[in-house]
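>>> Sequence first, then the predicted structure, then my questions.
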Amino acid sequence: MKSNQKIFITGSSSGIGEAIAYEYASQGAILGLAARRSEKLKTVKAKCMELGAKNVKNYSLDVSDTKESISVAKDFVAFDKEGIDIVIANAGVAASDNLSSGDPTKINQNLNINIIGVTNSIVPFVPTMKSQKAGNIVIMSSIASFTAPAYFGGYAASKVAVRRLGDTWRTTLKKHNVRVTTICPGYIKSEMTDVNEFKMPFLMDTDVAAKKMVNAIKVGKKTYILPWQWRPVIALSRFFGMKILSI
Ligand SMILES: NC(=O)c1ccc[n+]([C@@H]2O[C@H](COP(=O)([O-])OP(=O)(O)OC[C@H]3O[C@@H](n4cnc5c(N)ncnc54)[C@H](OP(=O)(O)O)[C@@H]3O)[C@@H](O)[C@H]2O)c1
């Protein structure tokens, strides 16, 4: 990877986003780190600088806030050196539907943060990428975009939606030399999965996952499913129907 790439990562205060930030920091990147918990971001920034990041700017941001997301993107494009190389829409939540409560709030939060949060994070960078005739868009979907996990309809639906956004943006932006990589992780160790009480098949370490994701972005993968064991499972489910994945 060329050094001093400019990379904006949402949801970088913990888990996968944090690990991706460290991976790029050690490659000398200029980083924009966004999340709601600014204290956590301060710690991540300090570690990124230690690891060799050229420069880091933190943004205390709720990705569901469109106006604020536009303003943050504008600020980061002008930060250090003009432009943007990679934007990674990674921020997300995974609340269960809580259907029996009769209250759609939890589902709506999933949809709002995981879908609107992705459009808010990426679209404000598109004009710059188009004028540069270069850029990488990265969307954090999930294997839940292929499965039908009980109790997590809002989450799964949000991950289908952003995978499809990525597929269409890839076609739309190809002529502008803007690439789109959609990442579909299985179970990766993070705050999100630490609360799970069930057995998580093929659970992957966060740092290992981040390294693989960064490599997938570098080589321009379109849709990247990891750990690899999920690929045959998903392919088989397409052949035999969703039933085997209704977990
Ligand atoms: N871990 C897995 O097994 C797995 C599998 C498939 C997909 N994913 C996806 O990977 C992404 C990262 O999740 P993770 O596993 O690393 O979980 P995590 O440790 O809980 O990280 C989630 C990140 O998203 C941020 N975030 C949540 N809501 C936000 C909001 N409204 N505005 C801005 N930032 C927000 C959180 O920061 P703040 O709380 O500080 O805002 C945090 O940095 C998510 O999109 C998730 O759906 C994870």
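In hand now; what should we look at? Numbers count the residues shown, from 1 in each chain.
>>> What residues does the protein have near the ligand?
By the rule C-beta under 6 Å from any ligand atom, the part of the chain lying against the ligand is 10-17, 35-37, 40, 61-64, 90-94, 113, 117, 140, 142, 185, 187-188, 190-193. C-beta here means a position set from N, CA and C on the backbone, and glycine is covered the same way.
>>> Just checking the distance from the longest helix along the chain to the centre of its chain.
In terms of residue count, the longest helix belonging to the chain (DSSP state H) is helix 153-173. Mean-position distance between helix 153-173 and its chain equals 12 Å (C-alpha atoms, centre = their mean, to the nearest Å).
>>> Can you show me the CA trace of that helix as CSV?
Extracted in CSV, the C-alpha atoms of helix 153-173 (Å, rounded to 0.1, in the frame of the first residue of the first chain):
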residue,chain,number,x,y,z
GLY,A,153,-34.6,-9.2,11.7
GLY,A,154,-33.8,-5.5,11.9
TYR,A,155,-30.1,-6.2,12.0
ALA,A,156,-30.2,-8.8,9.1
ALA,A,157,-32.4,-6.5,7.0
SER,A,158,-30.0,-3.6,7.5
LYS,A,159,-27.0,-5.7,6.4
VAL,A,160,-28.9,-6.9,3.2
ALA,A,161,-29.7,-3.2,2.4
VAL,A,162,-26.1,-2.0,2.7
ARG,A,163,-24.7,-5.0,0.7
ARG,A,164,-27.2,-4.1,-2.1
LEU,A,165,-26.2,-0.4,-1.9
GLY,A,166,-22.6,-1.5,-2.4
ASP,A,167,-23.5,-3.6,-5.4
THR,A,168,-25.2,-0.7,-7.1
TRP,A,169,-22.7,1.9,-6.2
ARG,A,170,-19.9,-0.4,-7.6
THR,A,171,-21.6,-0.3,-11.0
THR,A,172,-22.5,3.4,-10.8
LEU,A,173,-19.0,4.5,-9.8
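>>> where exactly do the strands run in the chain?
Taking DSSP state E to define them, one finds strands in the chain at 6-10, 30-35, 55-60, 86-89, 135-140, 178-185, 223-226.
>>> can you redo these as a markdown table with mean pLDDT, mean neighbour count and distance to S121?
As requested, the strands of the chain are exported to a markdown table (pLDDT from 0 to 100; neighbours: other C-beta atoms under 10 Å; distance: least, C-beta to C-beta, whole Å):
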| stretch | mean pLDDT | mean neighbour count | distance to S121 |
| --- | --- | --- | --- |
| strand 6-10 | 98 | 27 | 5 |
| strand 30-35 | 98 | 27 | 8 |
| strand 55-60 | 98 | 18 | 11 |
| strand 86-89 | 98 | 28 | 4 |
| strand 135-140 | 98 | 25 | 9 |
| strand 178-185 | 98 | 23 | 13 |
| strand 223-226 | 98 | 20 | 18 |
